[in-house]
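> this one's sequence-less:
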DNA sequence: GTGAAAGCGCTAACAT
DNA sequence: ATGTTAGCGCTTTCAC
């Protein structure tokens, strides 16, 4: 049998109430008692029972973490890193994370995650783009919800986002600084706020440098930003135009696909064409040349959203908060000065 | 406030004890009462409180799932699929899964996952190769442990494994059937039981067809079986020998690296060289040609290990059980008849 | 076949 | 500053 509060109380020669007060760091406890009790707790390696606590406090100590299955299973460890950040921070706050995936075509009326139906979480974190239906279905459960890396148009949730616009500007500006003028944009799922923000950053940077925006060299019709679609979009791009010297891909996965296309077509990177990605995903080092990209602090994002959730659960604030985490240019070998 | 057993009892006009007995499907309950109570439970959408249950039963209803961080973050969704299978099956048994990662260099004395220290799980599932230290540290907690896709040499745990030897035989035999005789083996982390089993299968198949085993064309010194090491191992291989017509890579990640090398060197696949992988990981479709491989039922593996755990928790058996899940050849375009 | 009641470990209101 | 105690929702033994 595990150690209980009684064992601690007996050994410390105080009542269980005192032990409880010490644990919760109550002010009206004498320093001596506090020290003594804390020592005994350590000695006995006592951990309060979550079940007992949960029963009286009507809290579970669990946070639900929801991802769509395609996000969870994607090749680049993006959302898995966000999850890891959240899990890491959850330790700090003594929460457990219940991870589950939902279908990426979730619709209103579909079965919600079990931890919601059974009310076994105190709050819900949602990472990445999810179908509108899930948010709508979740609404009536009245659970605190925080989002990471996604922000639906017409709703108002506390959220942690990447500074995508400024990332798009930084990426494009980097190419402009290297004297590129014919800069293509490769995007997928352009309705996704993150991606349209990156695209917006691209346009802003061009405008600032008085470079004409040319929609003809912006391929944005792919439905999902993965390697394959990067490859296909690049193909489409070069069927339309050949004057390109620089390419900004909306994420690394697409950039990798683009690189593959360029290589097959005999373009040298970066001598003929420079390419910059976004995310700084640990793609295999076998990438040749290593990709210049915009680093996104994924673990940090996960940590921040857990912090946000913890604040919400302590009623630290009521108005939905937005946090933007900063990005950073990572210059590798796939970009160089334009020679045209 | 959530619906409790009292609400159900009142509405059904029985005592809470009766409701409890119905929930647990006790024999001494009349069919009428059972039907009525079950109806009310559905009507009220009643879910027993885990906290209350846990408090009295001294069970948590949680299963800990441990992975090393490099396994969790690897590019191919292998262990993530196993996790998903486990999570899926856990719904069936009404368990929650607490996923956490440990460092791949975990040593005895390092801090164990929180859910172990705080005894908030009823059992532990470990997927993939883990350092011996974690198993050793876990031992004294006396928790049921089940393994998936890894089996330490000198210990005895219930485990679900891929039939790696027979997979190695199938892969090699496939090349032999296509008339290949100079078949190379590319492996990484050769001490890993799965990989040495695949290697063993390779040798068995050669022997059966009276082909001499040539250690010179077996590159097994990479420390981790990823794309980069596949690339480097292929390089090493072709520096030693050029008569190769077929390659069996110990997993798809290495196979992809090998393909990259072959392409760079101007070999045509499969006209010049056939290559077969192992795992059937959803590598991007941009793989050209699509890789012939050995399919491993990853989700199934996760489901099976959860079943095993559930059996253990119900004391369905005492002796450590081993389950081998079958593999399957997936013939795509990277293998063809040898033309030498 | 069903109900009453004890008790799981903890928190918090109240008593001292 | 510390102790006493009710009660959170459930399971299970025992009584009827």
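The structure has been received and is ready for your questions. Values in this document were obtained by computation on a predicted structure and should not be read as measured data.

> what number of residues lie near residue A:10?
Residues within reach of residue A:10, counting by other CB atoms under 10 Å in any protein chain shown, total 14. Every C-beta, even on glycine, is put in place using the N, C-alpha and C of the backbone.

> now swap in residue A:264 and tell me
13.

> Smallest gap between the stretch 151-300 of chain A and DNA strand C, at which residue?
Minimum separation of the stretch 151-300 of chain A from DNA strand C (CB to the nearest atom of the strand) falls at residue A:158, amounting to 24.3 Å.

> ok now do that residue, which residues does it touch?
Applying CB atoms under 8 Å, 6 or more residues apart in numbering or on different chains to residue A:158 gives the contacts A:145-147, A:308, A:312, A:320-322.

> pLDDT score for residue A:69?
You'll see residue A:69 listed with a pLDDT of 93.

> Could you verify my assumption that it touches residue A:103?
Yes. Using CB atoms under 8 Å, residue A:69 makes contact with residue A:103 at a distance of 6.3 Å.

> quick one, phi psi at residue A:288?
phi -140, psi 120 (degrees, to the nearest 10).

> Look up how far DNA strand D lies from it.
59 Å (CB to the nearest atom of the strand, to the nearest Å).

> swap in residue A:70?
As judged by CB to the nearest atom of the strand, residue A:70 and DNA strand D stand 36 Å apart.

> between residue A:69 and residue A:103, who's got more neighbours?
The residue with more neighbours, out of residue A:69 and residue A:103, is residue A:69; 18 against 13, by other CB under 10 Å.

> okay, now the closest residue to the more buried one other than its chain neighbours: neighbour count?
Of all residues not flanking residue A:69 in the chain, residue A:101 sits nearest, at 4.3 Å (CB to CB, 6 or more residues apart in numbering or on different chains). Neighbour count for residue A:101, taken as other CB under 10 Å: 21.

> Residue A:101 in helix, strand or coil?
Using DSSP: H, G, I helix; E, B strand; the rest coil, the structure places residue A:101 in strand.

> Just the buried positions in stretch A:184-196, please.
A:184-190, A:192, A:194-196 (16 or more other CB atoms under 10 Å in any protein chain shown).

> continuing past the one helix or strand residue A:238 maps to, what's the next helix or strand?
Following DSSP states H and E, one finds residue A:238 within helix A:227-240. Sequence order places strand A:246-249 as the next helix or strand after helix A:227-240, per DSSP H and E.

> What angle do helix A:227-240 and the helix or strand that that following strand is followed by make with each other?
Next along the chain after strand A:246-249, taking DSSP H and E as the criterion, comes helix A:252-264. Angle of helix A:252-264 versus helix A:227-240, following axes from the mean of the first three to the mean of the last three CA atoms, to 10 degrees, is 50 degrees.

> what is the mean pLDDT for helix A:252-264?
Mean pLDDT, computed over helix A:252-264, is 92.

> And it, what does it pack against?
Counting contacts by 3 or more CB pairs under 8 Å, 6 or more residues apart in numbering or on different chains; DSSP states H and E, helix A:252-264 packs against strand A:183-188, helix A:227-240, strand A:246-249, strand A:274-276.

> Now do the closest residue to DNA strand D within chain A, the pLDDT please.
Closest contact between chain A and DNA strand D, by CB to the nearest atom of the strand, is at residue A:17 (3.0 Å). According to the prediction, residue A:17 has pLDDT 90.

> State the pLDDT value of the residue of the stretch 101-250 of chain A found nearest DNA strand C.
Per CB to the nearest atom of the strand, residue A:122 is where the stretch 101-250 of chain A lies closest to DNA strand C, at 13.9 Å. Confidence at residue A:122, expressed as pLDDT, is 96.

> Tell me how many other residues surround it.
20.

> And residue A:314, by the same measure?
9.

> now residue A:269
Residue A:269: 20 neighbours (other CB under 10 Å).

> Against chain B, how distant is it?
Note on residue A:269: its distance to chain B, by CB to the nearest CB, to the nearest Å, is 14 Å.

> where does that residue land in three-state SS?
Each residue gets one of three states, and residue A:269 gets coil by three-state DSSP.

> Tell me who's in contact with it.
A:259, A:262-263, A:275, A:289, A:334.

> domain assignment for chain A?
Here the domain parsing of chain A from automatic domain parsing is A:5-57, A:62-162+A:299-325, A:164-296.

> tell me the average confidence for the helix holding residue A:238?
Taken as a whole, helix A:227-240 carries a mean pLDDT of 94.

> Work out for me the element residue A:301 sits within.
Taking DSSP H and E as the definition, one finds residue A:301 inside helix A:298-313.

> what does whichever helix or strand comes after that helix contact?
Downstream of helix A:298-313, the next assigned helix or strand under DSSP H and E is strand A:322-325. Residues outside strand A:322-325 that contact it (CB under 8 Å, 6+ apart): A:158-163, A:296-297, A:300-301, A:304, A:308.

> Looking at the residues you listed, which one is closest to residue B:200?
Closest approach to residue B:200 among the contacts of strand A:322-325 (CB to CB): residue A:296, at 42.9 Å.

> And for that closest one, the neighbour number?
Residues near residue A:296, counting by other CB under 10 Å: 26.

> Dump the helices and strands packed on helix A:252-264 into a markdown table; add distance to DNA strand C as well.
Below are those laid out as a markdown table (distance: least, CB to the nearest atom of the strand, whole Å):
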| stretch | distance to DNA strand C |
| --- | --- |
| strand A:183-188 | 49 |
| helix A:227-240 | 50 |
| strand A:246-249 | 51 |
| strand A:274-276 | 52 |
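
> Which of those sits closest to chain B?
Closest to chain B of the helices and strands packed on helix A:252-264 is helix A:227-240 (CB to the nearest CB; 4.2 Å).

> Quick one: list the elements packing against the closest one.
If contacts are counted by 3+ CB pairs under 8 Å, 6+ apart, helix A:227-240 sits against strand A:183-188, strand A:218-222, strand A:246-249, helix A:252-264.

> now the second one: how far from the chain's centre is it?
Centroid separation for strand A:218-222 versus its chain: 23 Å, with CA atoms, centre = their mean, to the nearest Å.

> which residues sit against that strand?
With contact meaning CB under 8 Å, 6+ apart, strand A:218-222 is reached by A:184-190, A:199, A:202, A:229-230, A:232-234, A:236-237, A:254.

> returning to what we had before: and the residue of chain A closest to DNA strand D, what element?
Using DSSP H and E, residue A:17 maps to helix A:16-23.

> Then residue A:133?
Counting by DSSP H and E, residue A:133 is part of helix A:132-139.

> so residue A:309 sits right up against residue A:126, yeah?
No. Using CB under 8 Å, residue A:309 makes no contact with residue A:126, being 10.7 Å away.

> what sits in contact with each of these two?
Shared contacts of residue A:309 and residue A:126, defined by CB under 8 Å, 6+ apart, comprise residue A:146.

> count of neighbours near residue A:44?
Using other CB under 10 Å, residue A:44 has 14 other residues around it.

> wait, it sits on residue A:3?
Yes. Using CB under 8 Å, residue A:44 is in contact with residue A:3, at 4.9 Å.
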